[in-house]
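1. Requesting a structural model of the entry that follows:
(chains A, B and C)
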Amino acid sequence: MKLRTLSASLMLAGFGLVSQSALANISDDVIRIGFITDMASVYSDIDGPGGIEAARMAIADAGGEINGKKIELIFADHQNKADVAAAKAREWFDQQKIDMLMGGTNSGVNLALAGIAAEKKKVFMAVGAAASDLTGAQCSPYTAHWAYDTVALARGTGSAIVKAGGKSWYFLTADYAFGHALERDTANVVKAAGGEVKGQVRAPLNSSDFSSFLLQAQSSKAQILGLANAGGDTVNSIKAANEFGIGKTMKLAGLLIFINDIHSLGLNVTQGMQFTDGWYWDQNDETRAWSAKFEAKVKRKPSMVQAGDYSAVSYYLQAVKATGSDDSDTVMKWLKSTKINDMFAKNGYLREDGRMVHDMFLMEVKKPSESKGPWDYYKQLAVLPGEEVYTTLAESTCKLIKK
Amino acid sequence: MNRQALGYVLFIVFLAAIPMLGIYPIFAMKIMCYALFACAFNLLLGFTGLLSFGHAAFLGSAAYASGHAIKVWGLSTELGILYGVAIAGALGVVMGALAIRRSGIYFAMITMALSQMAYFYFLQAKFTGGEDGLQGVPRGTLFGMIDLKNDLNLYYLVMVIFILGYFIIWRTVHSPFGQVLKAIRENEPRAISLGYDVERFKLLAFVLSALLAGLAGSTKMLIFVSATLSDATWQMSGLVILMTLIGGMGTLVGPVLGAFIVVLLENKVGDFGAALAKLTGVEWFQRLGESVTIVIGLIFVICVLSFRRGLVGEFNAWIEKRKGPATTVT
Amino acid sequence: MITIFGIPLQAFLGQLLLGLVNGSFYAILSLGLAVIFGLLNVINFAHGALYMFGAFLAWMGLSYFDLNYWVMLAIAPFIVGVFGIFIERCLLKHLYKLDHLYGLLLTFGITLLMEGLFRSFYGVSGQPYSTPEALRGATNLGFMVLPNYRAWVVVASVVVCLLTWFVIERTRLGALLRAGTENPRLVEAFGVNVPLMVTLTYGFGVALAGFAGVLAAPILQISPLMGSNLIVVVFAVVVIGGMGSILGAIVTGLGLGVIEGLTKVFWPEASSTVVFIIMAIVLLLRPAGLFGKEK
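-> Sure thing, here's the model as predicted:
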């Protein structure tokens, strides 16, 4: 009897496993891009399906094929879990033979993906993530960190606020790679500018109730409450801060704000907030034109990350076309020797350590009276040249930089 | 008995041949780890009658412990695995001692609460990396000789571990100790009246189950070179219960089959949903496909309502019926 | 500045009050669980998902039908209750003759189903829900600014809990319910429709969860996952309180909320695990729970 059970299980197993492998497509006449991002959770508005659409737009604008080889995009939802992302990436590299991996939001996930891409020696473009470690301690010759990072945000926002008089800070931090990095980089800037960090509290990612953390922040008597978090966490902490009247004794400094956050909070609550951004849809004719195309498909204006997705994919495809090859080393070499000047980045270039340096912008949220309609939220206060806000090569902890 | 042995030999041959059949080794290894995890869990549920809702704690703690030992302390791979197993066992002793004080539903709830406590510890402890997880653990070499970075070599190591773990469980079940466990499952007051120290037996079964679950955890960590929070969530505990339920509680082969089905489900639900969507033209199937949770929940409900014996259990019952009333029950 | 154990009084009292708010949720939810367990001997794992359902109903009522908070506060528990009755009649009742563990597993499966469905339709990032007009704003209590809505939560929960306790412990209906727990056969012999009582009890228990959900809507993100992390803590609360007593469940819920709040001040890292630590201690000293009776 046992034998029958076993053999039945065996047949079932065999069938399933064989069908599994039969579905794996091993084709190398295709330029395949794999995109892993948060599709349904806290960061899905910033990147998510909109980011996928932006990548598709880049592929379409490149003609859908290069030298006769079709360009294909596959994507997956990492659900903010590093192991789901890692397993998917591994499977894609081994079975689907992807040529380029793109990382959407969530720094922890991107750090894991960077490691796998380095192991498999394939190009990895981190767009949605912010952790500066991607081009610092965890740099790799195959990583290109495209849109922004915590150092640029910290230096832009941090120094602007300290200069305006906000000297004592307290941090409300999301407890993972990105949050820690943002807190660390901003704290360094504050201290270097003569300010003081009174303390910090770490809240789990996706916290729903920030009330007790905010009370702790308030009792520190600091002038500025630095929000070292992003997406839904930022929105919730700002809402709760409003509820508890934190704004009466402390000024809120959002260290990473996306236009989607302002959209869901409304101008009443956010007016006057200053922060650093890498791109805005209303900056010039080029950005406006592209954003209109994006809006027609996705029904909302693009965020910096989505514009970054378009730019990263475009440049990768340009690299493949120019060099006639999808070999990772060749592509990276081309990218690192080309000027990056497109709808997304101005005066940009890809450095040895993988950091794409480009101009950032100091933005302020408009008052409700100043806004002409939905998505018309920012006024640009200053251009922050890339060299001034990103980590300089001299400061870099990346092992690839020869000093 | 001979037919059984033949069956097992055939299965081992099949396992060894898997890489040659063109099946993605990582996928097969993942199934073996979960199968071992499910078998370890079944030792407690199917054979002792104790429903633990917190087994993910053992999977996760072993993964983190061995990952940390290998990556940070530089222990060799074998020692790292053993360390992970030991930690899971220690956790098993503590959790078991507390949980066994109550029985039935309370036991389940206590194991769940304790494992949630472990989860929160992992979430906040520095060494686990919190949300980011413990990444980039070097696979190292086995006994300093076999390079485990090669997926094929790792596959055979995992296969041996799986067979070893399964054998331990098989031997335990077919031993006097195993018989006492079954007696406790069938009628605890009677076992007590026969003079058995039931509490001690239950604790021993619990710790053994924890050790083997830990072995599965350490091995899984090696495959994915990482240990993350999802190894220790209550959803993972629920998943292993489902594997055992689908496969058949109280059977040895059941959990293996259950693990295979669940992993296949996780991987293929998306494709299945897409196919259904194309077939029927109903867009919503696409979404259904992407939600593994819905499908698992549905299967859970169906299994509990009308399929409690699980696949292997039903199969066995069907064989029994075919043979007629004049057979002895194994 | 006055300090208590080195923490400023303002922070201390503030966290105490927030703890009371959390405790109210623990109290209502563990009350519902206790009521259901008392009569059906089923651990309703789906309690968390039904709480989430209540919150979503409040949001749906506002977004699709323009029904405000107060209307949903009355309707949502009712809808959740009816849904619960449906679950009990069609699914749960088949399992009464079996080991109680199956009831737990079934409700676990229902939880996964509900969470998965909501998640696939609404995503995980959560829906916003604003505080009702009448309860907006905050009162300056001197040591902290307390949003009026949170004060309302405490008041509403305590009232509902006390009402439930009163009905179960002091009315004839409650007496029938308690008798049904002890000896269903005998009660049936007296002509009482026990299966109906069981069904209605389950419906009431989950209606309590739905009520808690509506209360939570303006405070927390209305997300499909809001119930699952809460439910495990509530389980621990129920184990600590012991499932024999209604009053016990209420007191334990409120008390643990306060203790958790205080832990956030003195030892923030432990705040998520303190309830479980207490559970472990109670299990060692008094296995039946603080207010429980050995079953």
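2. what residues are up against residue A:319?
-> By C-beta atoms under 8 Å, 6 or more residues apart in numbering or on different chains, residue A:319 lies in contact with A:331, A:334, A:335, A:338. Bear in mind the C-beta positions are built from the backbone N, C-alpha and C, glycine included.
3. Against chain C, how distant is it?
-> Separation of residue A:319 from chain C (C-beta to the nearest C-beta, to the nearest Å) stands at 34 Å.
4. hmm, which of the contacts of residue A:319 are the buried ones?
-> A:331, A:334, A:335 (16 or more other C-beta atoms under 10 Å in any protein chain shown).
5. Hmm, the last one is touching residue A:350, no?
-> If I follow you right, that is residue A:335. Yes. Using C-beta atoms under 8 Å, residue A:335 is in contact with residue A:350, at 5.0 Å.
6. and residue 107, how many neighbours does it have?
-> Because you didn't say which chain, this covers chain A. Residue A:107 sits with 30 neighbouring residues when counted by other C-beta atoms under 10 Å in any protein chain shown.
7. not what I meant, chain C
-> Neighbour tally, residue C:107, other C-beta under 10 Å: 26.
8. State the helix or strand in which it lies.
-> helix C:100-122 (DSSP states H and E).
9. I figured residue A:182 hits residue A:152, correct?
-> No. The criterion here is C-beta under 8 Å, and residue A:182 misses it with residue A:152 at 10.8 Å.
10. Toward the C-terminus from the helix holding residue C:107, list the very next helix or strand.
-> strand C:138-140.
11. following that following strand, which helix or strand shows up next?
-> Next along the chain after strand C:138-140, taking DSSP H and E as the criterion, comes strand C:145-147.
12. rewinding a little: out of the buried ones among the contacts of residue A:319, name the ones that lie in helices.
-> Cross-referencing the buried ones among the contacts of residue A:319 against helices under DSSP state H gives A:331, A:334, A:335.
13. what's the closest non-adjacent residue to the second one?
-> So the one you mean is residue A:334. Closest residue to residue A:334 apart from its sequence neighbours, by C-beta to C-beta, 6 or more residues apart in numbering or on different chains: residue A:319 at 4.5 Å.
14. helix, strand or coil for that neighbour?
-> Of the three states, residue A:319 takes helix according to DSSP: H, G, I helix; E, B strand; the rest coil.
15. Got the confidence number for it?
-> On the pLDDT scale, residue A:319 is placed at 92.
16. same thing with residue B:254?
-> Note for residue B:254: predicted pLDDT of 92.
17. what residue ranges in chain A are flagged as low confidence?
-> Across chain A, residues meeting the criterion (pLDDT under 70) sit at A:1-27, A:42, A:403.
18. With residue A:204 as the reference, measure out to the residue of the stretch 151-295 of chain C found nearest chain B.
-> Of all residues in the stretch 151-295 of chain C, residue C:276 sits closest to chain B, at 3.8 Å by C-beta to the nearest C-beta. From residue C:276 across to residue A:204, the span is 16 Å (C-beta to C-beta, to the nearest Å).
19. Looking only at neighbour counts, state which of those two leads.
-> More crowded of residue C:276 and residue A:204, by other C-beta under 10 Å: residue C:276, with 27 against 17.
20. So which residues on chain C come close to chain A?
-> Taking C-beta under 8 Å from any C-beta of the partner chain as the measure of proximity, chain C contacts chain A at C:8, C:10-11, C:14-15, C:18, C:119, C:123-126, C:128, C:131, C:138, C:144-145, C:147, C:149-150, C:219-221, C:223, C:225-226, C:261, C:264-265, C:268, C:272.
21. Please check those and keep the buried ones.
-> When the residues of chain C next to chain A are checked for burial by 16+ other C-beta under 10 Å, the buried set is C:8, C:10-11, C:14-15, C:18, C:119, C:123-126, C:131, C:138, C:144-145, C:147, C:149-150, C:219-221, C:223, C:225-226, C:261, C:264-265, C:268, C:272.
22. Chain B next: which of these are close?
-> With C-beta under 8 Å from any C-beta as the criterion, those include C:119, C:272 near chain B.
23. check contacts around the residue nearest the centre of chain B.
-> By C-alpha atoms, centre = their mean, chain B has its centre lying nearest to residue B:37, at 1.7 Å. Counting by C-beta under 8 Å, 6+ apart, residue B:37 makes contact with B:55, B:59, B:213, B:216, B:217, B:240, B:243, B:259.
24. I'd assumed residue B:215 was in contact with the second one.
-> No. With contacts defined as C-beta under 8 Å, residue B:59 does not count as touching residue B:215, sitting 9.8 Å away.
25. any common contacting residues for the two?
-> By C-beta under 8 Å, 6+ apart, the residues touching both residue B:59 and residue B:215 are residue B:88.
26. So for the two, which sits in the more crowded spot?
-> Counted by other C-beta under 10 Å, residue B:59 and residue B:215 do not tie: residue B:59 has more neighbours, with 33 against 29.
27. Quick check: which element contains that one?
-> Taking DSSP H and E as the criterion, residue B:59 maps to helix B:56-71.
28. Show me what that helix is packed against.
-> helix B:77-99, helix B:104-124, helix B:198-224, helix B:234-247 (3 or more C-beta pairs under 8 Å, 6 or more residues apart in numbering or on different chains; DSSP states H and E).
29. Any residue of the longest one touching chain C?
-> No. Residues of helix B:198-224 contacting chain C under C-beta under 8 Å from any C-beta: none, with a closest distance of 12.5 Å.
30. before we move on, back to that, CA atoms only for the helix holding residue B:59, dumped as PDB, please.
-> Output in PDB follows, covering the C-alpha atoms of helix B:56-71 (Å, rounded to 0.1, in the frame of the first residue of the first chain):
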ATOM      1  CA  ALA B  56       7.800  29.500  12.100                       C
ATOM      2  CA  ALA B  57       9.800  30.600  15.100                       C
ATOM      3  CA  PHE B  58      12.000  27.600  14.800                       C
ATOM      4  CA  LEU B  59      12.400  28.000  11.100                       C
ATOM      5  CA  GLY B  60      13.300  31.600  11.500                       C
ATOM      6  CA  SER B  61      15.500  31.400  14.600                       C
ATOM      7  CA  ALA B  62      17.700  28.600  13.000                       C
ATOM      8  CA  ALA B  63      18.000  30.600   9.800                       C
ATOM      9  CA  TYR B  64      19.100  33.800  11.600                       C
ATOM     10  CA  ALA B  65      21.300  31.900  14.000                       C
ATOM     11  CA  SER B  66      23.200  29.900  11.400                       C
ATOM     12  CA  GLY B  67      23.300  32.900   9.000                       C
ATOM     13  CA  HIS B  68      24.800  35.100  11.700                       C
ATOM     14  CA  ALA B  69      27.300  32.300  12.800                       C
ATOM     15  CA  ILE B  70      28.500  31.800   9.200                       C
ATOM     16  CA  LYS B  71      28.600  35.400   8.100                       C
END
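31. average pLDDT for that helix?
-> Average pLDDT, helix B:56-71: 94.
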